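Student: Sequence first, predicted coordinates after that:
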Amino acid sequence: MGLFGLLLVLHILASIAIIGPVFGMPIIRRSARTVDQLHFAFGITTKLAIIPKIGGSVLILTGIWLMFITKMGLSQMWLNVSILLSLLMVVMIDGWIEPRMKKIIKIISESQDQGNEIPAEFGLLIKKIVPIETAAQLLIIAILVLMVVKPF
């Protein structure tokens with residue numbers, strides 16, 4: 001396997017490292033029914049959050065390297081749209097979802113002393129995040145389709 005093949009495999013593995021947590025972490029968080037379960041779920045998802053960050057860095061580096069090797073540059077529309085959607089997804093996750101999650105984690109930490117019932121405020125905050133997470137998941141699907149199909 002040459003350099004191109006190795007970079008392509010790393011690029012695909014990095015995309016999997018991003019896709020898995022973006023689809024899995026919301027399911028883990030929403031499955032909690034008590035404050036203890038919430039605390040545990042958020043502990044897991046906080047630890048797992050490093051995987052997409054590393055995967056994203058590897059994805060960008062290998063993607064740029066693949067663009068140089070193939071001499072493709074930014075000449076392909078599907079690639080430009082994929083990059084734009086990827087940047088939008090990063091803004092959604094780092095700018096909208098993560099700050100709200102930190103607020104939720106703070107509420108969970110504070111409510112751990114008040115029994116095992118999930119605070120009502122948690123439900124309201126989670127409902128505000130669900131559409132953003134869904135949009136991020138749809139963006140990932142769109143990016144994946146663009147990368148595989150290369151429609152234009």
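Tutor: Received, thanks. Residues are numbered from 1 along each chain as shown.

Student: secondary structure class for the residue nearest to the spatial centre of the chain?
Tutor: Averaging the C-alpha coordinates of the chain gives a centre point, and the residue nearest to it by C-alpha atoms, centre = their mean is V22 (3.9 Å). Secondary structure assignment for V22 (DSSP: H, G, I helix; E, B strand; the rest coil): helix.

Student: which residues does it contact?
Tutor: By C-beta atoms under 8 Å, 6 or more residues apart in numbering, the contact set of V22 is 52, 93, 133, 136-137, 140. All C-beta atoms are positioned from the backbone trio N, CA, C, and that covers glycine.

Student: separation between the nearest residue to R30 once chain neighbours are set aside and I44?
Tutor: With C-beta to C-beta, 6 or more residues apart in numbering as the measure, I126 is the residue that lies nearest to R30, at 7.2 Å, once sequence neighbours are left out. In this structure, I126 lies at 16 Å from I44, with C-beta to C-beta, to the nearest Å as the measure.

Student: between these two, who's got more neighbours?
Tutor: Comparing I126 with I44 by neighbour count (other C-beta atoms under 10 Å), the higher total belongs to I126, at 19 against 14.

Student: element containing the more buried one?
Tutor: I126 is located in helix 120-149, with elements delineated by DSSP states H and E.

Student: Now do that helix: distance to the chain's middle.
Tutor: When distances are taken as C-alpha atoms, centre = their mean, to the nearest Å, helix 120-149 is centred 9 Å away from the chain's centroid.

Student: now do stretch 79-91
Tutor: Distance, stretch centre to chain centre, for stretch 79-91: 13 Å (C-alpha atoms, centre = their mean).

Student: Enumerate the positions of stretch 105-114 that are buried.
Tutor: Within stretch 105-114, the residues that count as buried by 16 or more other C-beta atoms under 10 Å are 105, 107-108, 111.

Student: Go through those residues and name the one nearest V149.
Tutor: Closest approach between these and V149, by C-beta to C-beta: I105, at 38.1 Å.

Student: Quick check: closest non-adjacent residue to the closest one.
Tutor: Of all residues not flanking I105 in the chain, F42 sits nearest, at 5.3 Å (C-beta to C-beta, 6+ apart).
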